[in-house]
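Chemist: Kindly return the folded structure for what I paste below:
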Amino acid sequence: MRQGLALAAAFCLAALASPAAAQVNATSPAADGETGAVLVYSRTEGWRHDSIDEAWSAIAAIAHGRGWSVTFTEDSSWFDAERLAQFDAVVWASASGDTLSDPQKASFRSFVENGGGFVGLHSAGDASHTWDWYAQELIGARFIGHPLNPGVRSGTVLIEDGSHLATRDLPERWYRLDEWYSFDTSVRGRFHVLATLDERSYVRGAWVDGNPIPAADDHPIVWNRCVGEGRSFYSAMGHTAESYSEEGMRNLIAGGISWAMGEGDCPEIE
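Modeler: Next up, the predicted model:
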């Protein structure tokens, strides 16, 4: 695991009012004896989610509880080889759009392929990310839409792998409210599917062009795999602010980060 100081307080960020405020550096209480170091990135050039503050607060609480130091930022200059080397994993918490320069993309790709961890939450997988390596190798599928009017609907998540760190504390059928992403293809066969969305449990509706969102024979919603020597974990859930106060979502995120930092094995791809 990478060691070194990461800045920004894990325990106090829950009280901060905005992501901009959270970029003020402070020493984490876990920094001296940290068990891991996490960079959380939420810059947006596409849609900006109102739930980013709550995502940061949830990750801060998780990090404090697990002894991780954590840095929260929207500054892409952190995607430099020397600065990334301080971290075990990078979490894209509803980041959107192509926010990195070509050298920053190269540094981030090298970070992952040489042993770093990646965790993508919700719009980290939306259609505004046009970098091919990111979309195809790190996320694995391209977003094509979600229901509108309303965008947030009830649905049921089916846990496929109940032994993984991210899903072992979740019910086999997990009922919740969220904005349900659809993708152009299933990642099954290229990624390890941890959970799927029960297509019968929600109304797909139409996307912005007015056309119905097509039904999917297989609708993964959480998945992971190893990428080179590194690891990639993605969950399409997490649109609402309320998501991040849910015990199940916090367990999912905590387990995903733990796995991305090296706990547990790389999955076999079916």
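
Chemist: in the chain, what secondary structure element scores lowest on mean pLDDT?
Modeler: Lowest mean confidence among the helices and strands of the chain (mean pLDDT, DSSP states H and E): strand 143-145, at a mean of 88.

Chemist: who does it pair up with?
Modeler: strand 182-183 (antiparallel) (DSSP bridges).

Chemist: Run through who's touching the strand it pairs with.
Modeler: For strand 182-183, contacts defined as Cβ atoms under 8 Å, 6 or more residues apart in numbering pick out 125, 141-146, 204, 213-214, 216, 219-220, 236. C-beta here means a position set from N, CA and C on the backbone, and glycine is covered the same way.

Chemist: Was I right to think Val193 contacts Leu158?
Modeler: No. Judged on Cβ atoms under 8 Å, Val193 makes no contact with Leu158 at a distance of 10.0 Å.

Chemist: And stretch 73-90, what's buried?
Modeler: Along stretch 73-90, these residues count as buried under the neighbour rule (16 or more other Cβ atoms under 10 Å): 73-74, 76, 78-79, 83-84, 86-90.

Chemist: ok, those residues vs Trp174, which is closest?
Modeler: Set against Trp174, the nearest of these by Cβ to Cβ is Ala89 (23.9 Å).

Chemist: Just to check, the closest one is in contact with Met261?
Modeler: Yes. Between Ala89 and Met261 there is a contact at 4.8 Å, judged by Cβ under 8 Å.

Chemist: before we move on, the earlier item: filter the contacts of strand 182-183 down to the buried ones.
Modeler: For those, buried by 16+ other Cβ under 10 Å: 125, 141, 143-146, 204, 213, 216, 219-220, 236.

Chemist: Out of the buried residues of stretch 73-90, which one has the weakest pLDDT?
Modeler: The member of the buried residues of stretch 73-90 with the lowest pLDDT is Glu74, at 87.

Chemist: Can you show me the strands along the stretch 151-270 of the chain?
Modeler: Counting by DSSP state E, counting those that start in this stretch, the stretch 151-270 of the chain has strands at residues 153-159, 173-178, 182-183, 192-197, 220-227, 230-235.

Chemist: of all these, which lies closest to Ser245?
Modeler: strand 173-178 (12.0 Å).

Chemist: which strands and helices sit next to the closest one?
Modeler: strand 153-159 (3 or more Cβ pairs under 8 Å, 6 or more residues apart in numbering; DSSP states H and E).

Chemist: and Ala215, how many neighbours?
Modeler: 10 (other Cβ atoms under 10 Å).

Chemist: tell me the pLDDT at it?
Modeler: Taking Ala215 on its own, its pLDDT is 84.
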